[in-house]
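[1] from the sequence below, what's the structure:
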Amino acid sequence: MTLVIKSNPAQATAVLVRDMGIIIPPTGGSETFTSRENIDRAAASTDLFTLATDDAHGVGSSTLILNNGTADIQQSNVGSFLSNIDLEPYIGTTGLLPGVQGLVPAPTVFDGAKFPRGDGVWADPALGVADYAGRFETASIGTGDIPDGKWGWWFDTNVPNRLLHIRNRGGTLYATEANPL
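    Modelled structure (predicted):
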């Protein structure tokens, strides 16, 4: 995460952000923060919030301008930005490496009925289970019923103790659970 704190180009004097203990140079000068400690200090700073929303140089033109390393943050979004600045984005698993805890990517207007999968992609429930072969069955099922590259489960109701079978993505038996219900 990157946070750039810039003074407004119209700001003629240096700006003290008192509760952070930093001075931002005048006329567009800036300080860049990338360390977790400084990002946390910025997120907790009431002075930074005030100076980034104060309209000191006209409506929508504050003393300080915040930037996420890519784009300036609009004055109306400063509160939300500072509240969420210490949250890293969610990174899905690759199948080889684990994912990273964080904010789930925002859904688009077309993602209303979708769910975020473990790989970080918004998926349609009907389509997002393409590698899933789970089902209830009334008969024993052999290995060939779960195709290669799929994983799945089923209840074998022909067995008195109702076995739950789980197969891995290669189709080989992973686990059998007696009386899972």
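[2] and residue 7, how many neighbours?
    For residue 7, the count of nearby residues is 24 (other CB atoms under 10 Å). For every residue, glycine as well, the C-beta is placed using N, CA and C.
[3] can you spell out which residues form a bridge with it?
    Beta-bridge partners recorded for residue 7 (DSSP bridges): residue 64.
[4] look up how far residue 53 lies from it.
    The gap separating residue 7 from residue 53 is 14 Å, by CB to CB, to the nearest Å.
[5] quick one, longest helix in this protein?
    Determined from DSSP state H, the single longest helix within the chain is helix 36-44.
[6] give me the domain ranges for this structure.
    Per the record, the chain has its domains at 3-84, 135-177, by automatic domain parsing.
[7] could you tell me the least trusted of the ones you listed?
    Least confident of the domains of the chain, judged by mean pLDDT, is domain 135-177 with a mean of 50.
[8] and residue 63, what does it touch?
    Contacts of residue 63 were listed using CB atoms under 8 Å, 6 or more residues apart in numbering, and they are 7, 8, 11, 15, 51, 52, 54, 56, 57.
[9] keep only those of those that are in helices.
    Counting by DSSP H, those place residue 51 in helices.
[10] would you turn the contacts of residue 63 into TSV with distance to residue 21?
    Below are the contacts of residue 63 laid out as TSV (distance: CB to CB, whole Å):
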residue	distance to residue 21
7	16
8	21
11	19
15	13
51	14
52	17
54	19
56	21
57	24
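[11] out of the contacts of residue 63, which are buried?
    Neighbour counting over the contacts of residue 63 (16 or more other CB atoms under 10 Å) leaves 7, 8, 11, 15, 51, 52 as the buried ones.
[12] make a markdown table out of those residues and add distance to residue 25.
    Listed next are these as a markdown table, based on distance: CB to CB, whole Å:
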| residue | distance to residue 25 |
| --- | --- |
| 7 | 6 |
| 8 | 12 |
| 11 | 9 |
| 15 | 8 |
| 51 | 14 |
| 52 | 16 |
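[13] could you work out the most separated pair of the residues you listed?
    Using CB to CB, the pair of the buried ones among the contacts of residue 63 lying farthest apart is 11 and 52, separated by 12.0 Å.
[14] list the buried residues in stretch 67-81.
    Under the neighbour-count criterion of 16+ other CB under 10 Å, stretch 67-81 has 67, 73, 75, 78, 81 buried.
[15] same list (those residues) but as TSV, adding distance to residue 102.
    Formatted as TSV, those follow (distance: CB to CB, whole Å):
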residue	distance to residue 102
67	21
73	19
75	26
78	21
81	16
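[16] between these, which sits nearest residue 92?
    Lowest distance from residue 92 to the buried residues of stretch 67-81 (CB to CB) belongs to residue 81, with 23.8 Å.
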